[in-house]
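Novice: Okay, predicted coordinates and the sequence, questions at the end:
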Amino acid sequence: MSIPMKRSAMNRIMRESEAFMRLVRLHPAAVFALVAGRDAGRKGEIDGITGASLGWDITDFGLGDFERTGLFLFTVRNGRFADLQRGRDMLYAEKAMVARKDQVTPMHRHLLKAEDIINRCGGTLVIELFGDTDGQCDRGKGTRVATDGIWRDLAPGHRLKLAPGESVTLMPGDWHAFWGGGADVFVAEVSTVNDDNTDNIFEDPAVTRFSGIEEDEAPLHLLVPDYAAWLR
């Protein structure tokens, strides 16, 4: 059973992550700080945000322990799957993420999304990798990835370590988990169009992409999963 996160905890994480983004001079929050009530009447004006799922995203993957298993994300830009199917218009997406020290994003793969994961600054980004067999994580199988354009054949469970400025390209079917090593890491993700509702396959069936929310206080900023209910 998925364990909901308290809204107060999400607000605290937002404040901490916002401060971290300011330190690295990447602070999109001023653009996408949607507020329930105030922005409910702006549906047509903000459809480029809500329709593309841009904005704040905080998850503990339904496991109830954000410090151990969780991730902060902010989707800066994103196309639509209709664009991808046509092969034209906006075919790309970009996210800013904070992977905290020893905080794990669980083992998963994507059905359609290819992505570059880039360590922008902070500690070492550690990415554990396995291959795929018939849609399942094969812990006896390695994989082949490109790190800054250089192809590397990796053994099963290899822990790729990216220093600030380094990156890896992952293709659909590359099973991966990641966390910050030594310190928090500011991560950029540049990818094809992203749909977090359908395109994340987790090895552990207990893991969910979005956390439920226990409403113990008002939201500081709306999360992407809030838009449908709070901006009616």
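Specialist: Looks like it arrived, so ask away. Numbers count the residues shown, from 1 in each chain.
Novice: State which helix of the protein is the longest.
Specialist: Secondary structure of the chain per DSSP state H: the longest helix is helix 7-23.
Novice: how much distance is there from whatever helix or strand comes next after it to the middle of the chain?
Specialist: Counting by DSSP states H and E, the next helix or strand C-terminal to helix 7-23 is helix 47-50. Its chain's C-alpha centre lies 18 Å from the corresponding centre of helix 47-50 when counted by Cα atoms, centre = their mean, to the nearest Å.
Novice: Please name every helix or strand in contact with helix 47-50.
Specialist: With contacts defined as 3 or more Cβ pairs under 8 Å, 6 or more residues apart in numbering; DSSP states H and E, helix 47-50 has no helix or strand neighbours. Bear in mind the C-beta positions are built from the backbone N, C-alpha and C, glycine included.
Novice: Pull out the buried residues from the longest helix of the chain.
Specialist: 7, 9-11, 13-14, 17-18, 20-21 (16 or more other Cβ atoms under 10 Å).
Novice: who's in contact with it?
Specialist: Outside of helix 7-23, the residues within contact range by Cβ atoms under 8 Å, 6 or more residues apart in numbering are 27-29, 56, 58, 66, 72, 74, 96, 98, 184, 186, 213-221, 223.
Novice: Give me the pLDDT for the residue nearest the centre of the chain.
Specialist: Central residue of the chain (Cα atoms, centre = their mean): Leu73, 4.8 Å from the mean position. On the pLDDT scale, Leu73 is placed at 93.
Novice: Likewise for Gly44?
Specialist: 64.
Novice: Which parts of this protein are helices?
Specialist: Using DSSP H, helices in the chain cover 7-23, 47-50, 81-86, 227-230.
Novice: re the thing from before, just the buried subset of the contacts of helix 7-23, written out for ChimeraX, thanks.
Specialist: Buried residues within those, by 16+ other Cβ under 10 Å, are selected in ChimeraX with:
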select :28,29,56,58,66,72,74,96,98,184,186,213,219,220,221,223
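Novice: if I look at Ile118, how far off is Val193?
Specialist: To Val193, Ile118 is 18 Å away according to Cβ to Cβ, to the nearest Å.
Novice: show me where pLDDT drops low in this structure?
Specialist: The chain contains residues with pLDDT under 70 at 1, 22-44, 232.
Novice: Repeat the analysis, applying 90 as the threshold.
Specialist: 1-3, 14-52, 54-56, 76, 80-89, 219-222, 227-232 (pLDDT under 90).
Novice: and the nearest residue to Asp89 once chain neighbours are set aside, how many neighbours?
Specialist: Sequence neighbours aside, Asp83 is the residue nearest to Asp89 in space, at 4.2 Å (criterion: Cβ to Cβ, 6 or more residues apart in numbering). Neighbour count of Asp83, defined by other Cβ atoms under 10 Å: 16.
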